[in-house]
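Undergrad: pasted the sequence and its predicted model underneath.
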Amino acid sequence: MTVLSDGTNGRSRTGGGNGRGPLAALAELPGVPEAVREAREAVDRLYRHRALRRRSPEVSAESVLRGARASAALEGVDNPLESVRRGEATDPVTQGALRALAEAARLGRTWRSAPRQVLARLHTVAAVGIADEPELGRPRQGPTEADPLGLGPAPSAEVAAARVDALARLVTAADDTPALVLGAIVHAELVVLRPFGVADGVVARAAERLTYTEFGLDPKSLVAVEVGHVELGDAYARNLRGYLSGTPEGVASWIQHCASAVVLGAREATAVCEAMSR
């Protein structure tokens, strides 16, 4: 089973062959409906917390801080949370993750209508100090050696560009498919394609959070889903490799992984709420 078109043969890389869109098929893979429901219930419980009646912006800001720290850790730059909070973590990866999540909060409606523009903007802020200035926000033109997760060689620049186009069409055409499924596919495609060549993981995780926010799973951006990915440890890279295999089992396992990350991210946000209540 595959998900998007690579532009090489004009055929859709979707499973099923029954005329439905790819997201509808993915949402019905074994184990996925249950995982989506569990994630939805976890977020709903979080949103009922009494602290959110007055302090949801503060919880969101703390979620972004913790999420950025976790996103950088997934790139191999693991700073203590308090170091990030005090502004002592000045490395470009952590600072880029902070900027990307902050920028994502301002790009919701644009994400639905012009996703490629949003991805370019996220990369522009995420890759400062990592990529040369002329490369910020621009798709790579050749191969890349970046492989922080050990996924193997990235697709060619041409294939990556074609699949990003297909991903953009998925985002703009998304209907009532669960936001969890769309966000999981957005995240995985950007990580495995490495369309920019550097900081792709940071961009992917910011786009995942943005999808959950804009498509209704987490409209206040409270869930620290990036923390969930970190807490799941080696399963993050392992399930991305499963997604890359293109099998129904691999794709379903990745979506279930993202659902688990949402559950853990909601738990993290609940802990923030509890601390503020005290």
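TA: It's in.

Undergrad: how about the helices in the stretch 101-250 of the chain?
TA: Taking DSSP state H, counting those that start in this stretch as the test, the helices found in the stretch 101-250 of the chain are 108-113, 115-126, 157-173, 179-193, 200-214, 225-231, 235-245, 248-277.

Undergrad: minimum distance to residue 39: which of these has it?
TA: Residue 39 sits nearest to helix 248-277 of all these, at 4.1 Å, using CB to CB. C-beta here means a position set from N, CA and C on the backbone, and glycine is covered the same way.

Undergrad: so which elements touch that closest one?
TA: Helices and strands touching helix 248-277, by 3 or more CB pairs under 8 Å, 6 or more residues apart in numbering; DSSP states H and E, are helix 22-27, helix 32-47, helix 52-74, helix 179-193, helix 225-231, helix 235-245.

Undergrad: weakest of these in terms of mean pLDDT?
TA: Among the helices and strands packed on helix 248-277, helix 22-27 carries the lowest mean pLDDT, at a mean of 88.

Undergrad: TSV for the helices and strands packed on helix 248-277, including distance to residue 163 and mean neighbour count?
TA: Formatted as TSV, these follow (distance: least, CB to CB, whole Å; neighbours: other CB atoms under 10 Å):
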stretch	distance to residue 163	mean neighbour count
helix 22-27	12	20
helix 32-47	21	18
helix 52-74	22	21
helix 179-193	6	26
helix 225-231	22	25
helix 235-245	12	19
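
Undergrad: of all those helices, which lies closest to residue 277?
TA: helix 52-74 (8.8 Å).

Undergrad: residue 207 and residue 188 touch, don't they?
TA: No - look at residue 207 against residue 188 with CB atoms under 8 Å: they stay out of range, at 10.7 Å.

Undergrad: quick one: closest of the helices and strands packed on helix 248-277 to residue 108.
TA: Across the helices and strands packed on helix 248-277, residue 108 has its closest neighbour in helix 179-193 (12.2 Å, CB to CB).

Undergrad: related to what we said a few turns ago, of the helices of the stretch 101-250 of the chain, flag the one that's most buried.
TA: Comparing the helices of the stretch 101-250 of the chain by mean neighbour count (mean count of other CB atoms under 10 Å), helix 200-214 comes out on top with a mean of 28.
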